[in-house]
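J.: sharing a sequence plus its predicted fold:
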Amino acid sequence: MRFAGRRPVAFAMVALLVAGVAAWVLWPSAPVRALDRKITVVDGPRDDQRVTLDATFFPPEGGGRAPVVLLAHGFGGSKRSVRAEAERLAGQGYAVLTWSARGFGASTGQIALNSPDYEVKDVRQLIDWVAGRPEVLLDGPGDPRLGMAGGSYGGAISLMAAAYDRRIDAIVPQITWHDLADALFPDATGRGPEQGVFKRMWAGLFFGMGSGSPLAGAGLGAPGGDDAAGAGGEEGEAGAGAPGAGAGAAAGDVRCGRFLPEICRMYEEVAESGRASAGAVETLRRSSPVSVPGRIRVPTLLIQGQRDSLFPLGHADANARAIAATGAPVEVAWFAGGHDGGGEPDWVAERTTRWFDRWLKKDGSPAGDAFTVTRDGGRDPGTRRPIQLHATTARYAGLAGTERRTVPLAGPEQQVATPPGGAPAGISSVPGVGSLLGNLGDAGLALDMPGQSAAFQSPPLGAPLEVTGASSVQVKVYGEGEVTLFAKLYDVAGARPALPQGLVAPLRVTATAAGTPVTVALPAIDHRFEAGHRLRVVLTTSDLGYALPVAGAVHRIGLAAPALSVPVVPSLRAAAAGPAWWTWALPLAALAVAAGLLLAGRTRREEEPDPELAEVPLQITGLTKRYRDGEKAVDDLSFRVEQGQVLGLLGPNGAGKTTTMRMMMGLIHPDAGEIRIFGHRVTPGAPVLARLGSFVEGPGFLPHLSGRENLELYWRATGRPAEESHLAEALEIAGLGAALERAVRTYSQGMRQRLAIAQAMLGLPDLLVLDEPTNGLDPPQIAEMRRVLIRYAARGRTVIVSSHLLAEVEQTCGHVVVMNRGRLVAAGPVGDLLGRATRGNGSSGRLEDVFLELIGDKA
Amino acid sequence: MTAATQSYSPGRTLPLRVEFARQLRRRRTMVMFGVLLALPWVLVVAFLVGRSPSQAGSLRISDLATQGGLNFAAFTLSVSATLLMVVAVALFCGDTVAGEANWSSLRYLLAAPVPRARLLRQKLIVALACSAASVIMVPVMALLAGTLAFGWNDIRLPGTGEGVDAATVLPRFAIVIGYVMISQLVVAALAFLLSVSTDSPLGAVGGAVGLVIVSNIVQAVEALGAAREFLPTFWSTAWLDALAPELDWSGMIKGASLSVTYAVILVAVAFRRFRGKDVVS
């Protein structure tokens, strides 16, 4: 009954749980409202160009006036690239405006690379537009509470717009540039873009106007395939609508696509020469935050990618220094991503929201850490995905680190050949490919061509070295003429050296016969060099991603100082260091629970035996046992057996005989009453049970072992000495002969029965309890069994035999206990009972009649 | 007349030697060990017969198996740890008490008398020893078979194809075996609890295997997020971290901690249940 009541409850609880989880997983999220608008703006140097921007406005969820966020898209993308991010922000209570920048998506106009004359003016008019929306919170007339965020191209417009429009209150530029000229013409010796090496492959992608450019939306949500198609498909219409110079010239359209002609010409010029002219540098810098020093004065969260060969960490560093110099709060995060692939969109979105919560909603969100670096936390053993740890510190260290360590370098002067025609070229990373290959580990694609590189190596590290920033090395370049070199810092362990993040630092040196000393700033990284690993600085003459000299040459490179200076930031620590607290707490708690389970309710009743009963083989007092359904199997049973008796326990099937015997063996617990064997109370496993031999409800043997092995193993299981077992006597009683050596599974029912009785007699116990011992035996065996039992008792031992066969009891037993329905009906010597029957009906005294009469009376 | 009680001592009942003799000579024990020992050779034959050159460049663990003995052993472990070893452990620990109940021999052991807690303790020790043996013998035999068939080469890691020195990896195999043993503790303890709760050995073994399967299915529901980390099977493949170039303990520590936690509680519940149980089989 108890059982029947509990099951449905458990089932209902499980069903509810499953339904709840399913509902939680499958519940449709409420759609975010989005209003598509065409916003017309006027821009150009003379404010005479009319452009229609394709925009979408997301009112804040929850209504009322809310701060507004302008979300800008990446190069090659459109407003649709940032839709997911916009919906997320709208869901968190921000009004959001997304738009396709001029020259992208369904907007008209031409790409001017975030120029102050074009894109910046567009944004200022978008701010005017949102200031008129009734959903937007205003700081003053026409001045909305406004933040701006975006990745890459969208990050740069955030910075540029913040410099030109005071109404912007906070920005989160991601994976973007500080100086576009420097990004495309980097020089690791710090002599500026005019001396830089042209980043040919990235620039080609950037200007290639490919609608499928990997820049599209990189870092901020995944660009959808339909998005790219939309940008390409609308190109013709947009070009025709643009009133700018060069409109209608078919050749110009093919050559320049949707670029402004000046930008297009500048690109053609630098791509052909491989050199940045002063004019090109000026044009690129007008589109860069470097041109507006001291003018960006709003709280800025800079998120830059560690895996970014286009806009490496140095750009965020320069932006951070410029903005911090105005006194504005700045936080910097180096996340696991960038233009070379990877990313942690959830973390970036969460960090962005927190920044706006603090500076736009002003809801008291705590300041983040000034400097966050995403580090590799190994792999999640369950999902096999990489785990990212966020190491933080309260002060932004910059690329120089808070401390510098010196690692000794060694290596002879080495000759390097510049390959004529620039091929074959070494590989550091391939733009657009990194994201396809995904996480190759640090090994990446790095490859140096033989004969083209000089390598200088440190001894194996004695302790792990966590490099955070740009290391520097001093080398001398011997020879004549100008040479283009690419500096790399490898992590060497085992056969394949790893190039952290696939980053490389290009430089141009004019070599001299006496050796030109140069200090090379190696790529900025955050990388842990393990103990036993070596650091290797490699200078090579070619790299697939860069413009290379056409003429072949040979130069010699040596170390100017035998040391590598590396930046470290010891205060950068990941919060979740060491194993989770529960890894030690859970097992300890489990041990406590286990101890509680085992100690609670322990019955430690070391009862003294009753000395008066020491010679009484069995005394049962008030024994009661209920079945689960409450019916009594044994009901207030009391009787006593004296030494030397053969007692018959008599009763019809279901009288409670077997249950009583199981209680004698300590197998089941009585509900009331007690059993004492030689004065000792019977409990499960009580030592006095060693004086009891039993055979209850059939034999129990290991079927794969022989009869002899079964008895031997059973005796060894009692732990008593072999000489006490009297095995030979027991085997004689079993009378199995040669069958004793066969596996028990081959035995007949009778053979098992005899073996089981022999097992009960092992050790010649003082009290032998046999339940229906003659079942399955043939008549001669039954007769033999009777003689065995009588003989056994004659030696002063006691035997209790249960049976429902009266004839057997009559012939074997001197005493009898009659049970019916769990109760004692009669007890006494067989003769007394027979006599009572004679008195009762006058006929001849047969136990069968007595039995029937007794149970009939009580029934 | 009191010789029996004088020579009887609860601490001497059911010695481990006896319990080992009772269990090891069973056909199911021998068949299970036979299957576990034969499995690596079956796989070797399968690879030799079905070797296809088209997969030469692949970096999946199954395609790298023929790289050498170490790679082969790692592969064998990865295919057997999820189910075959679970079945073996569940068999040894699930059958141990329920099997005796099924043969009716349990009641005679208890009346011998072997104290109940001692009976469980001795049986648990023997069952765990058999389980440990089965966890050890698969990778060791696979190492032997793989080395004979494919040679003694450095290990190549799946996914990256990185090579790790054989001499470095060999001691790591001890970590792998140790971790797999610990992670199977939860299966062992669950099977043991079911074993004392039912008279049907099939029910105990099947119940334990079934719960492992259910846990694996629930684990696939990504929406459960971090809650899945506390499923008993979530960390069952964490031993792969021991073969990575950088040995990573974090997953194995979590897995071992969870497994021990579950095992301790389940075993305690088993002892508690058996202490108060009416043995009616």
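T.: Looks like it came in fine.
J.: could you find the closest non-adjacent residue to residue 153?
T.: Unless you meant another one, I'm taking chain A. residue A:75 (3.9 Å; Cβ to Cβ, 6 or more residues apart in numbering or on different chains). (C-beta placed from N, C-alpha, C; glycine too.)
J.: other chain: chain B
T.: Excluding the flanking residues, the one nearest residue B:153 by Cβ to Cβ, 6+ apart is residue B:68, at 3.1 Å.
J.: can you name the residues that contact residue 194?
T.: Went with chain A since none was named. Listed by Cβ atoms under 8 Å, 6 or more residues apart in numbering or on different chains, the contact set of residue A:194 reads A:185, A:275, A:276, A:278, A:281.
J.: wrong one, I was asking about chain B
T.: Counting by Cβ under 8 Å, 6+ apart, residue B:194 touches B:94, B:98, B:203, B:204, B:207, B:208.
J.: what strand or helix carries it?
T.: Element membership of residue B:194 [criterion: DSSP states H and E] is helix B:166-197.
J.: if we can go back for a sec, quick one: which two of the contacts of residue A:194 are the most distant?
T.: Largest separation among the contacts of residue A:194 by Cβ to Cβ: A:185 and A:278, giving 11.9 Å.
J.: who's more crowded, the two?
T.: Shown here are residue A:185 and residue A:278; by other Cβ atoms under 10 Å in any protein chain shown, residue A:185 has more neighbours (28 against 9).
J.: the more buried one touches residue A:193, doesn't it?
T.: Yes. Using Cβ atoms under 8 Å, residue A:185 is in contact with residue A:193, at 3.8 Å.
J.: quickly list what's touching both of these two.
T.: Residues within reach of residue A:185 and of residue A:193 at once, by Cβ under 8 Å, 6+ apart, are A:276, A:281.
J.: how about the closest residue to residue A:514 other than its chain neighbours, phi and psi?
T.: Spatial nearest neighbour of residue A:514, chain neighbours left out: residue A:478 (7.5 Å); criterion: Cβ to Cβ, 6+ apart. Phi and psi for residue A:478, reported as degrees, to the nearest 10, are phi -100, psi 150.
J.: ok, residue A:478 - contacts?
T.: Neighbouring residues of residue A:478 by Cβ under 8 Å, 6+ apart: A:413, A:511, A:512, A:513, A:514, A:515, A:516, A:555, A:556, A:557, A:558.
J.: so which of the residues you listed wins on neighbours?
T.: residue A:557 (28 neighbours).
J.: would you say that residue is within a strand?
T.: Yes. Under DSSP: H, G, I helix; E, B strand; the rest coil, residue A:557 falls within a strand.
J.: pretty sure it is touching residue A:475, no?
T.: Yes. Counting by Cβ under 8 Å, residue A:475 is a contact partner of residue A:557 at 5.8 Å.
J.: on the strand side of things, show who residue A:829 bridges to.
T.: residue A:815 (DSSP bridges).
J.: what separation do you get for it and residue A:851?
T.: 15 Å (Cβ to Cβ, to the nearest Å).
J.: phi and psi next, for the residue nearest to residue A:153.
T.: Dihedral angles (degrees, to the nearest 10) for residue A:75: phi -60, psi 130.
J.: count of neighbours near it?
T.: Residue A:75 is flanked by 24 other residues according to other Cβ under 10 Å.
J.: and for residue A:721?
T.: Look at residue A:721: counted by other Cβ under 10 Å, it has 12 neighbours.
J.: wait, what's in contact with it?
T.: residue B:7.
J.: hmm, residue B:98 is touching residue B:200, no?
T.: Yes. Counting by Cβ under 8 Å, residue B:98 touches residue B:200, with 6.1 Å between them.
J.: would you mind measuring from the residue nearest to residue A:153 to residue A:275?
T.: 23 Å.
J.: likewise residue B:110?
T.: For residue B:110 relative to residue A:275 (Cβ to Cβ), the value is 94 Å.
J.: what about those two, which has more around it?
T.: Between residue B:110 and residue A:275, residue B:110 has the larger neighbour count (other Cβ under 10 Å), namely 21 against 17.
J.: wait, what's in contact with that one?
T.: Contact analysis of residue B:110 by Cβ under 8 Å, 6+ apart lists A:665, A:666, A:667, A:684, A:685, B:116, B:119, B:279.
J.: distance-wise, check it relative to residue B:13.
T.: 10 Å.
J.: do residue A:669 as well
T.: Per Cβ to Cβ, residue A:669 is found 20 Å from residue B:13.
J.: and what of residue B:174?
T.: Residue B:174 is 35 Å from residue B:13, where distance means Cβ to Cβ.
J.: neighbour count: these two, which is higher?
T.: Per other Cβ under 10 Å, whichever of residue B:174 and residue B:13 has more neighbours is residue B:13, with 24 against 12.
J.: which ones are touching the more buried one?
T.: A:717, A:718, A:719, B:112, B:113, B:114, B:115, B:118, B:119.
J.: does the last one touch residue B:107 like I think?
T.: Spelled out, that is residue B:119. No. Using Cβ under 8 Å as the test, residue B:119 is too far from residue B:107 to be in contact (11.3 Å).
J.: in the stretch 301-450 of chain A, which spans are helices?
T.: Using DSSP state H, counting those that start in this stretch, the helices found in the stretch 301-450 of chain A span residues A:313-324, A:345-356, A:434-437.
J.: how much space separates the residue nearest to residue A:153 from chain B?
T.: Residue A:75 is 32 Å from chain B, where distance means Cβ to the nearest Cβ, to the nearest Å.
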